[in-house]
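Visitor: got a sequence here, can you model it:
(one chain, ligands or ions: 2)
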Amino acid sequence: MKGIFITFEGPEGAGKTTIIKKLEKKLEKEGKDVVVTREPGGIVISEKIREIILHKEHTEMDARTEALLYAAARRQHLVEKVIPALHKGKIVLCDRFVDSSLAYQGYARGLGIQEVLEINQFAITGMMPNLTLFFDILPEKGLARITSNQNREINRLDLEKLDFHQKVYEGYKKIIEMFPNRIKVINADQPLEKVFFEAESALDLFWKETL
Ligand SMILES: Nc1ncnc2c1ncn2[C@@H]1O[C@H](COP(=O)(O)OP(=O)(O)OP(=O)(O)O)[C@@H](O)[C@H]1O
Ligand SMILES: Cc1cn([C@H]2C[C@H](O)[C@@H](COP(=O)(O)O)O2)c(=O)[nH]c1=O
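Guide: Ligands and ions are numbered 1, 2, ... in the order given. Model (predicted):
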């Protein structure tokens with residue numbers, strides 16, 4: 001495949017969406033062909049699955065159902081949007097991907113990182129990102145950012161107790177140890193311009209090392 005698949009991970013409110021927008025502008029200025037997308041979502045069917053998963057009233061959702069719905073949304077998004085863009089040689093910037101399932105469903109929900117990786121292997125058929133940026137911020141700090149943002153709708157996962165978000169964070173730390181070459185850690189607990197500089201530098205290093 002000719003394109004490059006870059007994913008962005010981290011706790012709620014880490015600044016992923018904000019940095020993706022800035023990177024999109026920068027890469028486009030450089031003449032690169034960029035596709036920005038998100039999970040769960042990015043295309044009609046997966047956005048519909050997103051609504052089901054994240055609806056505030058769906059508190060009865062079983063953890064395995066949740067994991068399978070994320071994997072189903074991922075599959076459709078990959079075949080309909082990500083893979084075709086990569087075949088055309090585009091740079092795909094995706095807000096969350098399989099590492100979110102490993103941290104949230106695998107570790108924080110207690111389904112097991114390996115078990116959730118296995119159901120996702122069925123969904124992604126080997127399609128792992130070329131590079132992942134992990135936005136490192138303590139969950140309580142990220143959550144404080146989203147609650148002070150009036151435009152951000154609070155969803156079912158945001159409403160989980162702090163203890164759950166702390167487990168998500170611990171889960172991410174384990175996943176970073178599992179994939180040290182692919183996942184680069186960005187200090188997200190600093191002013192936006194500094195976070196952006198670190199993200200840009202990680203991308204520059206990636207181009208130098210791989211292209
Ligand atoms: N470095 C930063 N310092 C202070 N505030 C920030 C920083 N980065 C982002 N923010 C603000 O924090 C809020 C959350 O940012 P953003 O939506 O980019 O995070 P996110 O990681 O995509 O969150 P989520 O995954 O929960 O959707 C926004 O109001 C944004 O303006
Ligand atoms: C892909 C994916 C996401 N999640 C969680 C993480 C967030 O709480 C929401 C998505 O909301 P965002 O504002 O777009 O970050 O879903 C998850 O638990 N598992 C996943 O695979």
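
Visitor: which positions in the protein make contact with ligand 2?
Guide: 12, 38-40, 70, 96, 100-101, 104-105, 157 (CB under 6 Å from any ligand atom). To be clear about C-beta, it is placed using only N, CA and C from the backbone, and glycine gets the same treatment.

Visitor: how about 8 Å then?
Guide: 12, 16-17, 38-41, 50, 53-54, 66-67, 70-71, 73-74, 95-98, 100-101, 103-105, 108, 152, 155, 157-158, 168 (CB under 8 Å from any ligand atom).

Visitor: are any of those residues buried, and which?
Guide: Among those, those classed as buried by 16 or more other CB atoms under 10 Å are 12, 16, 38-41, 50, 53-54, 66-67, 70-71, 73-74, 95-98, 100-101, 103-105, 108, 155, 157-158, 168.

Visitor: which of those come close to ligand 1?
Guide: Answer for these near ligand 1 (CB under 8 Å from any ligand atom): 12, 16, 95-96, 158.

Visitor: run through the helices of the chain in chain order.
Guide: Along the chain, counting by DSSP state H, helices occupy 16-29, 44-54, 63-77, 83-87, 98-100, 113-124, 139-147, 162-178, 192-210.

Visitor: what's the closest of the ones you listed to Asn130?
Guide: Between Asn130 and these, the tightest spacing by CB to CB is seen for helix 192-210, at 7.2 Å.

Visitor: distance check, Asp158 against Ile183.
Guide: 23 Å (CB to CB, to the nearest Å).

Visitor: what residue lies at the spatial centre of this structure?
Guide: By CA atoms, centre = their mean, the chain has its centre lying nearest to Arg96, at 1.2 Å.

Visitor: perfect, I'm done here.
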